[in-house]
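Q: just a sequence and a predicted model for now, questions to come.
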Amino acid sequence: MQQNKLFVGNLSWGVNDDQLKEFFSQIGAVTEAVVIVDRMSGRSKGYGFVTFEEDADAQKAVEELDGKELDGRAINVSIARPRAE
């Protein structure tokens, strides 16, 4: 069970992959940060995923960054649930 991938919700429309990675890198090593965009319009869907190298850093990010402001909006941070559930 992967515990190092986070779901990040309530992102402002202006946040891109790089900003997301930078924001979460204050906690630990981020291997991937992706803002999900609408294929047709290219606009952000307002959520994304961040993957840490270490499970412990992902857990710490949930504790420290959930509810914090990124680009003026309080973001929701939680361990990502696998799609297969």
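A: Received it, and whenever you're ready, just let me know what you need. Numbers count the residues shown, from 1 in each chain.

Q: so which elements touch the top helix by length along the chain?
A: In the chain, with assignment by DSSP state H, the single longest helix is helix 55-65. Helix 55-65 sits against strand 5-9, helix 17-24, strand 44-52, strand 76-79, with contacts defined as 3 or more CB pairs under 8 Å, 6 or more residues apart in numbering; DSSP states H and E. All C-beta atoms are positioned from the backbone trio N, CA, C, and that covers glycine.

Q: next, the angle helix 17-24 makes with the longest one.
A: By that I understand strand 44-52. Between strand 44-52 and helix 17-24, the angle comes out at 50 degrees (axes from the mean of the first three to the mean of the last three CA atoms, to 10 degrees).

Q: give the buried residues for strand 44-52.
A: Buried residues in strand 44-52, counting neighbours by 16 or more other CB atoms under 10 Å, are found at 44, 46, 48, 50, 51, 52.

Q: list the contacts of the second one.
A: Okay, so that is residue 46. 9, 10, 11, 12, 13 (CB atoms under 8 Å, 6 or more residues apart in numbering).

Q: of those, buried ones?
A: Judged by 16+ other CB under 10 Å, buried ones among the contacts of residue 46: residue 11.

Q: mind putting the contacts of residue 46 in CSV, pLDDT and distance to residue 57 included?
A: Below are the contacts of residue 46 laid out as CSV (pLDDT from 0 to 100; distance: CB to CB, whole Å):
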residue, pLDDT, distance to residue 57
9, 98, 19
10, 98, 21
11, 98, 20
12, 97, 24
13, 94, 27
